[in-house]
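*Asks:* give me coordinates for this.
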Amino acid sequence: MKKQRAFLKWAGGKYELVDTIKRYLPEGEQLIEPFVGAGSVFLNTNYKSYILADINHDLISLFKLLQSSPDQFIGDLRLLFATQNNNPDAFYQLRDLFNGSKDQYFRSLLFVYLNRHCYNGLCRYNNSGLFNVPFGRYKTIYFPEKELYFFAEKAQKAQFICAPYHEVMKQAKKNSVIYCDPPYISPNESAGFTAYYSNIFGFEEHKKLSKLAETMAYKKNIPVLVSNHYTDYTMTLYSKASELYRAEMRRSISCAGEGRKKIDEILALYKKS
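*Replies:* Residues are numbered from 1 along each chain as shown. The predicted model follows:
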């Protein structure tokens, strides 16, 4: 099976790691992803059904629209990718329209436009809930038509939910498998948190997630695979997992005072023996 890219750019996306993740994901009938992001794991696995969730309402609304009206949505989206919209003036005008609009169809179109035209494809909101990533200054912009249609077709097997991870995980039933890709703990552990939509996902949330993974696996017999940065802290955090794996990553990240350095990932599998 050829690896399939997501139509969105996404910080921390799992395209490069998806083959390793698939190796350790248990078999089952349904995959539940409480932190779906751009959906690389969903796109590259073959479960009978999926529950795909995130707390970013814009993201989930976009996925639902693409699921229900792919031809109309992709046709309308193509118009936004016109060459005349790849400049700072057009970008900031469209960003303002996105931030001022309550029309979910229009917001979803603009969400994809902003994702593909903004700096590094980041998805970031300020404290007022306004998208604030600057223009990316790319010479050419790729319109991901093939990736959009692939997602729309596969989405017929999925249910999309906008809800916190703990609510989503508790929906698991017999023969479900859960994959959690939470906002990663900073390798500079004194920082210890990352933005999660407009909230902060800190040490306490990571602890709650690991405890819930234990409960789901060891008390309810629902296997849970969790990914994160490989650090001393995460080794301790996931010490009650039944299996721990270290995955080498080619990408590098920015670390305060150290420039850029490579960092591996940890995969923690909670599974009743």
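
*Asks:* what about the strands in the stretch 51-200 of the chain?
*Replies:* Counting by DSSP state E, counting those that start in this stretch, the stretch 51-200 of the chain has strands at residues 158-162, 176-180, 194-196, 199-201.

*Asks:* the first one pairs with which strands, and in what direction?
*Replies:* Using DSSP bridges, strand 158-162 pairs in its sheet with strand 49-54 (parallel).

*Asks:* how about the strand it pairs with: buried residues?
*Replies:* For strand 49-54, burial by neighbour count (16 or more other Cβ atoms under 10 Å) applies to 50-54. For glycine as for every other residue, the C-beta is placed from the backbone atoms N, C-alpha and C.

*Asks:* including distance to residue 271, could the residues you listed go into JSON lines?
*Replies:* Formatted as JSON lines, the buried residues of strand 49-54 follow (distance: Cβ to Cβ, whole Å):
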{"residue": "50", "distance to residue 271": "20"}
{"residue": "51", "distance to residue 271": "19"}
{"residue": "52", "distance to residue 271": "21"}
{"residue": "53", "distance to residue 271": "21"}
{"residue": "54", "distance to residue 271": "24"}
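
*Asks:* name the nearest of these relative to residue 34.
*Replies:* Residue 34 has its nearest neighbour among these in residue 53, at 5.1 Å by Cβ to Cβ.

*Asks:* still on that earlier bit, highest average neighbour count across the strands of the stretch 51-200 of the chain?
*Replies:* Of all those, strand 176-180 has the most neighbours on average by mean count of other Cβ atoms under 10 Å, namely a mean of 24.

*Asks:* so that one versus strand 49-54, what angle?
*Replies:* Here strand 176-180 runs at an angle of 30 degrees relative to strand 49-54 (axes from the mean of the first three to the mean of the last three Cα atoms, to 10 degrees).

*Asks:* what pairs with strand 176-180, parallel or antiparallel?
*Replies:* Strand 176-180 is paired, per DSSP bridges, with strand 30-33 (parallel), strand 224-229 (parallel).

*Asks:* just give me how far the first one sits from the chain centre.
*Replies:* Relative to the centre of its chain, strand 30-33 is centred 13 Å away, using Cα atoms, centre = their mean, to the nearest Å.

*Asks:* same thing with stretch 157-166?
*Replies:* Remark: stretch 157-166 is offset 12 Å from the chain centroid, using Cα atoms, centre = their mean.

*Asks:* burial count for residue 144?
*Replies:* 21 (other Cβ atoms under 10 Å).

*Asks:* for residue 34, see how far away it is.
*Replies:* 25 Å (Cβ to Cβ, to the nearest Å).

*Asks:* again with residue 84
*Replies:* Relative to residue 34, and taking Cβ to Cβ, residue 84 is found at 39 Å.

*Asks:* okay, the two: which has more neighbours?
*Replies:* residue 34 (28 against 7).

*Asks:* I'd like the distance between that one and residue 242.
*Replies:* 20 Å.

*Asks:* same question, residue 28
*Replies:* 16 Å.

*Asks:* one more: residue 165?
*Replies:* Distance from residue 165 to residue 242, by Cβ to Cβ: 20 Å.

*Asks:* of those two, give the one with the bigger neighbour count.
*Replies:* It is residue 165, of residue 165 and residue 242, that has more neighbours when counted by other Cβ under 10 Å, with 23 against 15.

*Asks:* chain neighbours aside, what residue packs nearest to that one?
*Replies:* Among residues not flanking residue 165 along the chain, residue 34 sits closest, at 3.7 Å (Cβ to Cβ, 6 or more residues apart in numbering).

*Asks:* so, low pLDDT: which residues of the stretch 51-200 of the chain?
*Replies:* 187-199 (pLDDT under 70).

*Asks:* quick one: the helices in it?
*Replies:* With DSSP state H, counting those that start in this stretch, the ranges of helices along the stretch 51-200 of the chain come out as 57-68, 70-80, 88-100, 104-117, 145-154, 165-169.

*Asks:* for those helices, give me TSV that also has distance to residue 272.
*Replies:* Formatted as TSV, the helices of the stretch 51-200 of the chain follow (distance: least, Cβ to Cβ, whole Å):
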stretch	distance to residue 272
helix 57-68	31
helix 70-80	39
helix 88-100	45
helix 104-117	39
helix 145-154	29
helix 165-169	16
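
*Asks:* alright, calling it a day.
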